[in-house]
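Visitor: Sharing a sequence plus its predicted fold:
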Amino acid sequence: MRFGVLGPVEVRDESGAVIAVPAPRQRALLAMLALDAGRIVGHDRLLDGLYPEPPSGAANALQSQVSRLRKAVPGLVIEHHPAGYRLVAEPSEVDSVLCVELLAAGRGAEALRLWRG
């Protein structure tokens with residue numbers, strides 16, 4: 001899978017087709033997890049990013065958002081850990097990471113093409 005955060009949040013399957021993530025909170029959750037692909041993102045950080053004021057039963061609300069995101073994106077693997085959640089993906093599958101790598105390699109024109117919107 002490929003994850004786009006340089007513009008509107010998107011996810012593409014192995015064939016390159018965009019998989020719709022219709023709900024704003026699910027897109028926000030996907031973006032937060034993608035920006036730290038392969039690493040655990042803490043519950044508090046995710047809740048702060050999803051809700052201006054965490055709801056009562058915040059842990060259940062977060063678990064529900066993760067479940068909805070998993071259903072919206074077939075094949076997406078999000079692991080739960082005691083400290084938070086982890087998107088099982090290589091950082092290089094995220095356009096922002098690829099952009100930084102291209103810039104570091106002196107390939108700015110290619111990096112600019114990753115920006116959408």
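Guide: Arrived safely.
Visitor: top helix in the chain by residue count?
Guide: helix 58-72 (DSSP state H).
Visitor: For the helix or strand just after that helix, output the C-alpha coordinates as CSV.
Guide: Sequence-wise, the next helix or strand downstream of helix 58-72 (DSSP states H and E) is strand 78-81. Provided in CSV are the C-alpha atoms of strand 78-81 (Å, rounded to 0.1, in the frame of the first residue of the first chain):
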residue,chain,number,x,y,z
ILE,A,78,-3.1,-1.6,12.3
GLU,A,79,-1.8,-3.3,15.4
HIS,A,80,-2.9,-2.5,19.0
HIS,A,81,-0.2,-2.3,21.6
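Visitor: Once you drop chain neighbours, what's closest to Gly49?
Guide: Leaving out its chain neighbours, the residue that sits closest to Gly49 by CB to CB, 6 or more residues apart in numbering is Met32, at 5.1 Å. (Glycine included, C-beta is placed from N, CA and C.)
Visitor: the helices in this structure, which residues?
Guide: Taking DSSP H, the helices of the chain run over residues 24-35, 43-50, 58-72, 95-104, 108-112.
Visitor: which one of those helices is the most hemmed in?
Guide: Stretch with highest mean neighbour count among the helices of the chain: helix 24-35 (a mean of 20; mean count of other CB atoms under 10 Å).
Visitor: what inclination does it have with respect to helix 43-50?
Guide: Interaxial angle, helix 24-35 versus helix 43-50 (axes from the mean of the first three to the mean of the last three CA atoms, to 10 degrees): 130 degrees.
Visitor: how far away is the residue of the chain most remote from its centre from Val9?
Guide: Ranked by distance from the centre of the chain (CA atoms, centre = their mean), the top residue is Gly106, with 26.3 Å. According to CB to CB, to the nearest Å, Gly106 and Val9 sit 28 Å apart.
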